[in-house]
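Undergrad: coords please:
(one chain, ligands or ions: 1)
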Amino acid sequence: MQRLNRRDTIKHLALGTVAGLAVPPCLAAEPDPATTRKTEIWPAVDVLVCGGGPAGIAAAMMAGRQGARVLLAERYGRLGGMAVQAMVGPLMGDVESTWVKQIIDGLGGRKVDYEFADLKYAAMLEEARADFLLHAAVAEPRRDGNRVTGARLLTKQGLIDVPARVVVDATGDGDVAFAAGAQFEQGRGAGPAWPADGLVQPMSIMFRVSGVSHTESMDTHGGRNRYRFPDGRSWDELCRDANAKGELPKMVGKVRTYSSHREDQRVINATQVNHVDGTKVRDLTQAELEGRRQVEPVLAFLRKHAPGFRDAYVSGMPAVIGVRETRRILGDEYLTVKEIVDGARSASAVVRKAEFSIDIHNPDGIGQAQGVSSEHPLGTDPKCRPYDIPYGCLLPRGIEGLLVAGRCISGSHEAMASYRVQVIAMATGVAAGVAAALAARQDVAPRALEVVQIQKVAFGTA
Ligand SMILES: Cc1cc2nc3c(=O)[nH]c(=O)nc-3n(C[C@H](O)[C@H](O)[C@H](O)COP(=O)(O)OP(=O)(O)OC[C@H]3O[C@@H](n4cnc5c(N)ncnc54)[C@H](O)[C@@H]3O)c2cc1C
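TA: Sure thing, here's the model as predicted:
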């Protein structure tokens, strides 16, 4: 065997030519053209859905049911979006839609089963013959001028180009629309007590605790909101006092306990990271750590004060932090808070009778806030009347071949605080999936469809 000195070894390793030795590929200097990664071209589809949250899954299902060739691309390893990845739940909001009802029934109800919800969603997609890829992040749209013609996926096997007749952006953040040059808004405008500072709702690390005594807990006293401590204080008042005394982290002024699938478990919605932007990687990194660091003090507070929590322990942490608000892609139409509070109906509705409060977690401090008017000061939560979402909210201005669905549709900061919840997000997905499949079948731009065609399927039952 040839003997090599140190200098020879380094030289040969650099050239990848050590005689008789297996050189680890990672040390080869020149890439081997035979193994160099190339951008693959995926077989063309009718509808490419980007993002596998409630909106994306509903869109893919509806497009699949109509016979479209569908591919859904999800960046993480589980379907379900915020619910599954960030332990968000229960499914909130209401709409008039038999399709959405079917999805909720398929999930087994509104309480999210964090362990198996992704498999339930997968079964629904399979039944609808909608193909999907996990671990497939959408890197950028394919474009022909202002028309989106598919997307490029970033995967472990390399880049994959997926040509598509119509693309649905259900990434929550409007990633595809943004990269296609769509106009968008982010954050709040001026409110009764603040300037237009562009701040968004805070992020939160939801977490699960086990070891809760059901018989002692606040639930058995008619729920957290009705419970009174011996000194007459409510749970919310106790939380606010604890925050003022420094017993809870600075931004945690409200500790929400949600029941779970098991009697001894609760999901805790309390941690709060303000002044961070979910479209900035540095902010996301910082928020993940800050949110997780708040968990232990919140647990200690629960164990000390919450009835039934004395022996509670953390039994589940989410894969990623929950992001409530980022880009709102500006569409042909725009939903305002007035329309939501008034319960506006629309001839071009593709979602009917959506209903949820304007639920703004304070962008600049503890607790809940909202920005409707001075009649609704910080901490109040105006109710909306059932409202419609018009088709134009799903059509990014000036861009063809693309629909948006979910929390990134066109509307104001305050309006989004209502339509962001999962049940309403699903309904926008239903509408986008129906529209995408129709447009692909008729070989027209989604914008060219007659709304009544979408309504017929989206509001139908078959
Ligand atoms: C802390 C918190 C608590 C909440 N509490 C509730 C609650 O109790 N009840 C309720 O109904 N709603 C709640 N919400 C709101 C709700 O969870 C979301 O607004 C809702 O999930 C939005 O649905 P979506 O499909 O638009 O987006 P998401 O659920 O965010 O789904 C988007 C999907 O797209 C994927 N994705 C993103 N970018 C890419 C990309 N580039 N390529 C491929 N895939 C991508 C994501 O991984 C994700 O799976 C809460 C939200 C937060 C953050």
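Undergrad: contacting residues for Glu96?
TA: 352-353, 386, 459 (CB atoms under 8 Å, 6 or more residues apart in numbering). Where C-beta positions appear, they are placed from N, C-alpha and C, glycine not excepted.
Undergrad: out of those, which are buried?
TA: 352-353, 386, 459 (16 or more other CB atoms under 10 Å).
Undergrad: taking the contacts of Glu96, tell me the two that lie furthest apart.
TA: Across these, the longest distance by CB to CB is 14.2 Å; it joins Pro386 and Phe459.
Undergrad: excluding its backbone neighbours, what's nearest the residue in the stretch 201-350 of the chain positioned nearest to the ligand?
TA: Per CB to the nearest ligand atom, Gly322 is where the stretch 201-350 of the chain lies closest to the ligand, at 2.9 Å. Closest residue to Gly322 apart from its sequence neighbours, by CB to CB, 6 or more residues apart in numbering: Ala86 at 3.8 Å.
Undergrad: and that neighbour, backbone torsions?
TA: phi -120, psi 10 (degrees, to the nearest 10).
Undergrad: same question, Leu402
TA: Torsion angles, degrees, to the nearest 10, at Leu402: phi -130, psi 140.
Undergrad: can you check Arg147 too?
TA: Backbone torsions of Arg147, given as degrees, to the nearest 10, read phi -100, psi 130.
Undergrad: who is it paired with across the strands?
TA: Arg147 forms beta bridges with Asp144, Glu400, as assigned by DSSP bridges.
Undergrad: isn't it up against Glu400?
TA: Yes: contact between Arg147 and Glu400 holds when scored by CB atoms under 8 Å: they sit 4.2 Å apart.
Undergrad: what about the two, which has more around it?
TA: Glu400 (20 against 15; other CB atoms under 10 Å).
Undergrad: mind checking pLDDT for the more buried one?
TA: Here, the pLDDT recorded for Glu400 equals 98.
Undergrad: from here on, count from 34
TA: Sure, I'll start numbering at 34, so the last one becomes Glu433.
Undergrad: and the gap between it and the ligand?
TA: 20 Å (CB to the nearest ligand atom, to the nearest Å).
Undergrad: okay, helices next: where are they in this structure?
TA: With helices called from DSSP state H, the chain shows them at 39-48, 87-98, 115-119, 131-140, 150-160, 208-212, 268-277, 314-326, 328-338, 370-375, 446-452, 455-475, 484-491.
Undergrad: say whether the ligand is contacted by the fifth one.
TA: Which is helix 150-160. No: contact of helix 150-160 with the ligand (CB under 6 Å from any ligand atom) is absent, the minimum separation being 9.7 Å.
Undergrad: tell me the buried residues in that helix?
TA: Using 16+ other CB under 10 Å as the test for burial, helix 150-160 gives 150-151, 154-155, 157-158.
Undergrad: go on, the longest one?
TA: For helix 455-475, the neighbour count (16+ other CB under 10 Å) marks 455-474 as buried.
Undergrad: any idea which of the helices of the chain is most buried?
TA: Per-stretch averages of neighbours, counted by mean count of other CB atoms under 10 Å, single out helix 87-98 among those, with a mean of 31.
Undergrad: taking helix 150-160 as reference, get the angle to that helix.
TA: 20 degrees (axes from the mean of the first three to the mean of the last three CA atoms, to 10 degrees).
Undergrad: report how many residues lie close to Lys189.
TA: Lys189: 7 neighbours (other CB under 10 Å).
Undergrad: ah, wrong one, I meant Glu148
TA: Burial of Glu148 is recorded as 10 neighbouring residues (other CB under 10 Å).
Undergrad: swap in Leu167?
TA: Around Leu167 there are 16 residues (other CB under 10 Å).
Undergrad: quick check: it vs Val353, distance?
TA: As judged by CB to CB, to the nearest Å, Leu167 and Val353 stand 15 Å apart.
Undergrad: just the strands in the stretch 234-383 of the chain please.
TA: Residue ranges of the strands in the stretch 234-383 of the chain, as given by DSSP state E, counting those that start in this stretch, are 240-243, 289-292, 299-302, 346-349, 360-362, 382-387.
Undergrad: for Glu372, find the nearest of those strands.
TA: Closest approach to Glu372 among these is made by strand 382-387 (10.6 Å; CB to CB).
Undergrad: next, see if the closest one gets close to the ligand.
TA: No: Strand 382-387 stays clear of the ligand (CB under 6 Å from any ligand atom), getting no nearer than 12.1 Å.
Undergrad: can you check the pLDDT for the residue of the stretch 234-383 of the chain closest to the ligand?
TA: Model confidence at Gly355 (pLDDT) stands at 98.
Undergrad: can you give me the neighbour number for it?
TA: With other CB under 10 Å as criterion, Gly355 counts 22.
Undergrad: just Ala184 next, same as before
TA: 31.
Undergrad: distance of the residue of the stretch 334-483 of the chain found nearest the ligand relative to Ile193?
TA: Going by CB to the nearest ligand atom, the ligand is nearest to Gly439 of the stretch 334-483 of the chain, at 2.1 Å. Using CB to CB, Gly439 is found at 23 Å from Ile193.
Undergrad: between the two, which is the more surrounded one?
TA: Shown here are Gly439 and Ile193; by other CB under 10 Å, Gly439 has more neighbours (32 against 18).
Undergrad: you'd agree that one is up against Ala464?
TA: No: using CB under 8 Å, Gly439 makes no contact with Ala464, being 11.0 Å away.
Undergrad: OK, contacts around Val353?
TA: Listed by CB under 8 Å, 6+ apart, the contact set of Val353 reads 109, 118-119, 321.
Undergrad: 6 Å - rerun?
TA: 118-119 (CB atoms under 6 Å, 6 or more residues apart in numbering).
Undergrad: hang on, isn't Asp421 packed against Arg378?
TA: Yes: Asp421 lies in contact with Arg378 (CB atoms under 6 Å); the separation is 5.1 Å.
Undergrad: compare those two (neighbour count), which wins?
TA: The neighbour comparison of Asp421 against Arg378 (other CB under 10 Å) goes to Asp421, with 21 against 14.
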